[in-house]
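Asks: structure for the following, please:
(2 chains, ligands or ions: 5)
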Amino acid sequence: MTAIPLGVPRRLVEFTIDGQEARVPEGSTILDACRAAGKDVPTLCHGDTLTPKNACRVCVVEVEGSRTLVPACSRRAEPGMTVHTETERARHSRKLVLELLASSVDLSTTPQVAGWIKEYEAKPDRFGPEAARLNEEPRIDNDLYVRDYDKCILCYKCVDACGDQWQNTFAISVAGRGFDARIAVEHDAPLTDSACVYCGNCIEVCPTGALSFKSEFDMREAGTWDESKQTETTTVCAYCGVGCNLTLHVQDNEIVKVTSPHDNPVTHGNLCIKGRFGYQHVQNRG
Amino acid sequence: MDLHFGDSKPTDDERAAVDALLGPPESSWEGADRSDADLRWARGGREARDRRDLLLPGLHAINDRVGWISEGALDYLCRRLTVPPAEAYGVATFYAMFSVKPRPATVLHVCTDLACAAAGAPELCAGIEARLGPGVHVERSPCLGLCERAPAALAIRAGDPVRTAVSAPATVEGAVLAATAPDSAPEEPPAAMAVPQAGGDDLILLRRVGVVDPLSLDDYRAHGGYTALRRAFELGPAGVIREVTDSGLVGRGGAAFPTGRKWQATASQPDHPHYVVCNADESEPGTFKDRVLMEGDPYALIESMTIAAYATGAHQGYLYLRGEYPRALHRLEHAIAQARARGLLGDDVLGQGYAFDIEIRRGAGAYICGEETALFNSIEGYRGEPRSKPPFPVEKGLFGKPTVENNVETLVNVLPILTMGAPAYAAIGTERSTGPKLFCVSGSVERPGIYELPFGATLGELLELAGVRERLRAVLLGGAAGGFVRPDERDIPLTFEGTREAGTTLGSGVVMAFDDTVPLPRLLLRIAEFFRDESCGQCVPCRVGTVRQEEALHRIVARTGAAAADDIALLRDVGRAMRDASICGLGQTAWNAVESAIDRLGAYE
Ligand code: SF4
Ligand code: SF4
Ligand code: SF4
Ligand code: FES
Ligand code: FES
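Replies: Numbers count the residues shown, from 1 in each chain, chains lettered A, B, ... in the order given. Ligands and ions are numbered 1, 2, ... in the order given. Got it, this is the predicted structure:
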């Protein structure tokens, strides 16, 4: 949850979700309202700290009077709207989106998706063995993080985080178009030749593990990555006066990666290269 | 912004191409040699950042001069415009007419789309490739908007200036000549050749095509030009909107939204400035009416845009023209320059103290840029990806400002509305589809071309007029995003309501006839391939769905009946999700034609 700064009181919007009356502050999305009402709508590309790009379309719901389904994550609730979240039509599209995605990219490190695939009875195999896939090799061109675009669902979150929404570095964007669209740096160069400043904020927002710490990537390759053995400790970065919050993920007494709490009202999960990657000195035990 | 540029340098040619567009750089901050002064001050980026909308023209400038866009050239352009190279790379790789890899200076686009495929494009391609050496890059292209002269080829030779030549109907010799010697290729036939009714008395929209000299403003005025604008000034903005509303005019691009309401909604927005955008990115396969209008009667479009701007309170207009229309580009550039010189554009239009000017923006090969919000992104220098709506363009359009966007045919209708008056205009056609309508007829007919008929004529009447051939197998209405109807459905009235009742669509006015020599499954495959190619890639149902659709059609290309049943079920499932859950019209309609071929024509029975 993002901390909500106290501002001018907002008007409440009244509408109905699945036959129930709902009242949410003006500006809330249908997804906000669903979550407040305890309803589960699956999301993949939605990010809690970024403007929704509504590209994955797994959160679609039916709004009466709308020709097409609407993305719950970005459509604002309007007074008098009648929303249905669980119709056959909405479930059909969600199921198909899961099938289309799972048939084209590797979702093995995407949290929650396995559960949805089961729930919606999605069968990604039914497009046949010849179905086009990304089939890309991981790009390992630096010691800090790995880009494994075979897992990329093109949610645009890393682009937004690197660009005008957080980091303002603009080192990555989407290149190409259609099925050939890919996340890339300028001229599709190695990361080391690009404008990247290694803040790792793109890793922080990536929902699929397509961007990951080299440490995590190596441990997964070696079969030693084990989240059940990890502890998370949130502390304060000691490098500079900003004082960002760091969450240290520790396995077997080693820091294996560093994330940052999204509900911190100052940093919203952002860090710089030092806070994100500069932890080896902690574990230099001489 | 962390701007980071690599070590690649532009060649002199590339630098010159960019400087010809932007002027010479002023300091080392934007790519000039470093002077003493540069060491002591840095200019804020804001001033330069405002020029991001010159990114697409800049890419064109390089591509036109060199034939492709190198790292050094792209970096230099980015420096000049203060655009991050990664973003510019994303934009450059979005458009089909650009290449970021070296290629020959001459590119020959050979259309392999529906009408051309039916007219022998595959054999043509093979013949051309056998004859041309490595000096020419042959590119299989989607519809070039020359369907009445199918098959078609367009040669573009980079240089200073860039040269183009069209061969249509194309022969191997003709296309090879266009590519190897564009300057000595024969001239294209006049636009009026595409209008079988040209010169007819009852024409309204096409009445000047073939009658006036498209290069002469005086001739245009002698044939009634600029009377509509004078009338607009008499009526005042609110009066113009009232006339357009009363006329019942609805958008001719496919969505059929009431034009008066759109104008009213834009005019009443408190936020300023307002913009007028003319969508001349006619890329729907089978559509060529806007090209013929722009080539044959360019001033009519300039005048209608001026009226639209006056009515909605805009002082700047953009004419977004598809990149594959070199002749329309030259005619419009000429017309705009003439109009400006004569005070019909500029600070004081017609001496009425009203300022309006038009800038042409060239597309670069992306069907999706015909979607109105994708078009805004394209003009602004971003990838041509549709934005999600709401907010709608009347509220937040181009540069985030209230924008009225109309296509060429819609705008040109405003002239007769103002000259004949709303009631007389509304009396044409049917009650709910008023006015004249242009149809692009191609395929298996004797006289392919643009036809103007009052709304309400039937499909059979139109086909009759165009001389439909024997053994008609199918008619595609509305282009690739439209739907097929059977040859016996000739009674369908060509109105928005009539086609809707018949379970199909009028779309952009495409009528493509196919006789039984055209293999239907191949046609469907071509449509699927088109959508897969043209998807912007933003949303999953469209990006992956169009691929799965094409794969399934490949599997059943030679199968029928029970053997095809499981793949047809799959197609229905995918198609339904594309229609329901895609962000924009491209994905939402990508399954229409295939579905109609299965259901109406029994394509795989
Ligand atoms: S790399 Fe990750 S964050 Fe970036 S678009 Fe792909 S899935 Fe999204
Ligand atoms: S993460 Fe970076 S900015 Fe934040 S406190 Fe640490 S060093 Fe400072
Ligand atoms: S429907 Fe297709 S073209 Fe439209 S936004 Fe989605 S991916 Fe892009
Ligand atoms: S989560 Fe809403 S579209 Fe992706
Ligand atoms: S020009 Fe070839 S189909 Fe239109």
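
Asks: helices or strands next to the helix or strand harbouring A:Glu232 in the packing?
Replies: According to DSSP states H and E, A:Glu232 maps onto strand A:230-236. Counting contacts by 3 or more CB pairs under 8 Å, 6 or more residues apart in numbering or on different chains; DSSP states H and E, strand A:230-236 packs against strand A:245-251. To be clear about C-beta, it is placed using only N, CA and C from the backbone, and glycine gets the same treatment.

Asks: list the buried residues in stretch A:31-49.
Replies: A:31-35, A:39, A:41-47, A:49 (16 or more other CB atoms under 10 Å in any protein chain shown).

Asks: hmm, stretch B:278-287 in reach of chain A?
Replies: No: counting by CB under 8 Å from any CB of the partner chain, chain A has no neighbours in stretch B:278-287; the shortest distance is 14.0 Å.

Asks: can that stretch be found next to ligand 3?
Replies: No: using CB under 6 Å from any ligand atom, stretch B:278-287 stays clear of ligand 3, with a minimum separation of 12.5 Å.

Asks: span of that stretch from start to end?
Replies: 16 Å (CA to CA, to the nearest Å).

Asks: now the strands for chain A?
Replies: For chain A, the strands defined by DSSP state E cover A:12-17, A:20-25, A:60-63, A:70-71, A:82-84, A:145-147, A:173-175, A:182-184, A:211-213, A:230-236, A:245-251, A:254-259.

Asks: again but with the stretch 251-400 of chain B, I slipped
Replies: B:274-280, B:314-321, B:357-362 (DSSP state E, counting those that start in this stretch).

Asks: most neighbours per residue, which of these?
Replies: strand B:274-280 (a mean of 26; mean count of other CB atoms under 10 Å in any protein chain shown).

Asks: got the CA coordinates for stretch B:309-316 in CSV?
Replies: The C-alpha trace of stretch B:309-316 is given here as CSV (Å, rounded to 0.1, in the frame of the first residue of the first chain):
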residue,chain,number,x,y,z
ALA,B,309,-10.0,25.4,-37.1
TYR,B,310,-12.1,28.6,-37.2
ALA,B,311,-15.1,26.7,-35.8
THR,B,312,-13.2,25.1,-32.9
GLY,B,313,-10.9,28.0,-32.1
ALA,B,314,-7.7,26.5,-33.3
HIS,B,315,-4.8,28.4,-34.8
GLN,B,316,-2.5,25.5,-35.6
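
Asks: which residues are in contact with that stretch?
Replies: Contacts with stretch B:309-316, where a contact means CB atoms under 8 Å, 6 or more residues apart in numbering or on different chains, come from B:229, B:232-233, B:237, B:240-241, B:244, B:263, B:266-267, B:272-276, B:308, B:317, B:349, B:354-359, B:402, B:404.

Asks: and the residue of the stretch 251-400 of chain B closest to chain A?
Replies: Residue nearest to chain A within the stretch 251-400 of chain B: B:Ser388 (5.5 Å; CB to the nearest CB).

Asks: quick one, what contacts that residue?
Replies: Contacts for B:Ser388 (CB under 8 Å, 6+ apart) come out as A:54, A:71, A:74, B:583.

Asks: need the contact partners of stretch B:117-134.
Replies: Outside of stretch B:117-134, the residues within contact range by CB under 8 Å, 6+ apart are B:104, B:108, B:110-113, B:116, B:138, B:140, B:150-151, B:153, B:169-172, B:175-176, B:179-180, B:443-444, B:514, B:518, B:522-523, B:526.

Asks: how about stretch B:518-534?
Replies: Contacts of stretch B:518-534 (CB under 8 Å, 6+ apart): A:178-179, B:112-114, B:117-118, B:142, B:285, B:366-368, B:444, B:473-474, B:480, B:514, B:542, B:546-547, B:549-550, B:553-554, B:556-558, B:586, B:590, B:593-594, B:597, B:601, B:603-604.

Asks: again, but for stretch B:331-341
Replies: With contacts defined as CB under 8 Å, 6+ apart, stretch B:331-341 is touched by B:214-215, B:217, B:294-295, B:298-299, B:301-302, B:319, B:321, B:345-346, B:357-358, B:360.

Asks: in three-state terms, label the closest residue to ligand 5 within the stretch 301-450 of chain B for me.
Replies: Closest to ligand 5 within the stretch 301-450 of chain B is B:Ser442: 6.9 Å, counting by CB to the nearest ligand atom. Following DSSP: H, G, I helix; E, B strand; the rest coil, we place B:Ser442 in the strand state.

Asks: could you double-check that it sits in contact with B:Cys147?
Replies: Yes: contact criterion CB atoms under 8 Å: B:Ser442 and B:Cys147 qualify, at 3.9 Å.

Asks: mind pulling up the pLDDT for the residue of the stretch 101-250 of chain B found nearest ligand 1?
Replies: Using CB to the nearest ligand atom, the single residue of the stretch 101-250 of chain B nearest to ligand 1 is B:Lys101, 23.9 Å away. pLDDT, B:Lys101: 97.

Asks: then the one 3 residues further on?
Replies: The score at B:Pro104 is 97. That number is its pLDDT.

Asks: give the contact list for it.
Replies: B:67, B:134-137.
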